[in-house]
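Asker: Let's see this in three dimensions:
(one chain, ligands or ions: 1)
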Amino acid sequence: EADPESMSVGYGGLPDRDGHVTLDACIMDHTGNCGSVSFLQHIKHPISVARKVMDDTPHVMLSGSGALKFAIEKGFPKEELLTDKARKLWKEWLKDSQYKPIINVENHDTIGLLALDQNGDISGACTTSGLSYKMHGRVGDSPIIGAGMFVDNEVGGCCATGVGEAVMKTLGSFLIVELMRQGASPQEACEEAVRRIVTTNPNHTNFQVAYIAINKAGETGCYCIHPGFKMMKYANGENTPITAGSHLK
Ligand code: ASP
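Answerer: Numbering: from 1, shown residues only. Model (predicted):
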């Protein structure tokens, strides 16, 4: 979120079509508690605000100016998040203002994290500046519990990235956790969730969706529509990059 070179989250994130950086994030712990912010502007660390919503309020989601007011009350600094680099790219885009989701999400990626701790408890989080050049006010899957991210500590967890609309329409992360509950491995569950998107969207060749999942045994899975998505697995002090299999080859 703080790295201006990463142009898909937080500070330096690409703006919407009107030039505003608007952020979505959510977090969920092993007790089923969760917090979320959507359409939040001017705060570098939306995931930390989502955490405060979870810990300090009776609510799950705060949005827009209410989320900003809450963040400021909690001591988060109000900052300009649009960097010169992002402004330049946006001005370039404005020349023909063609909205095309970027297929390879390596270039435009929500940060999704799933953690299994030493007690076997699972939690998860995701944070994003959403689709670049989206309509002002558009909120994606990432702050929606069950769409962009979901954890059930009896079963496992899941995070999504890619075109949020496709994920929201199938409640992808909840679906994957429920498939695991019924016996699917994380890999099989991710593949089935991608299959549902692909079969109901003849235009799936034009957009990317990718899922990562983990179960209680620590088994992981990842799958996407287009090749090009990688997840990073950290275990026993080591990071291992894993290239996700894809529906299209
Ligand atoms: N899922 C995010 C959204 O639709 C974007 C992304 O993951 O790249 O807002």
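
Asker: counting contacts, what elements does the helix or strand where residue 66 lies pack onto?
Answerer: Residue 66 is located in helix 64-73, with elements delineated by DSSP states H and E. Under the contact criterion of 3 or more CB pairs under 8 Å, 6 or more residues apart in numbering; DSSP states H and E, helix 64-73 touches strand 34-40, helix 46-56. C-beta here means a position set from N, CA and C on the backbone, and glycine is covered the same way.

Asker: Next one: the residue of the chain most remote from its centre relative to the ligand, how far apart?
Answerer: Most distant residue from the mean C-alpha position of the chain: residue 95, 28.6 Å away (CA atoms, centre = their mean). As judged by CB to the nearest ligand atom, to the nearest Å, residue 95 and the ligand stand 23 Å apart.

Asker: again, but for residue 221
Answerer: 18 Å.

Asker: Same check on residue 169?
Answerer: Distance from residue 169 to the ligand, by CB to the nearest ligand atom: 12 Å.

Asker: What of residue 206?
Answerer: 14 Å.

Asker: for residue 249, same thing?
Answerer: 22 Å.

Asker: now swap in residue 38 and tell me
Answerer: Distance, residue 38 to the ligand, using CB to the nearest ligand atom: 10 Å.

Asker: what sits against that residue?
Answerer: By CB atoms under 8 Å, 6 or more residues apart in numbering, the contact set of residue 38 is 24, 61, 62, 63, 64, 67, 139, 143.

Asker: pLDDT wise, what is it at?
Answerer: Looking at residue 38, its pLDDT stands at 98.

Asker: returning to what we had before: give me the buried entries from the contacts of residue 38.
Answerer: Buried by 16 or more other CB atoms under 10 Å: 24, 61, 62, 67, 139, 143, out of these.

Asker: Mind checking which of those residues land in strands?
Answerer: Counted as lying in strands by DSSP state E, out of the buried ones among the contacts of residue 38, are 24, 61, 62.

Asker: Just confirm the second one contacts residue 143, I think it does.
Answerer: Just to be clear, that refers to residue 61. Yes: when contacts are counted by CB atoms under 8 Å, residue 61 is listed as touching residue 143 (6.5 Å).

Asker: Okay then, goodbye and thanks.
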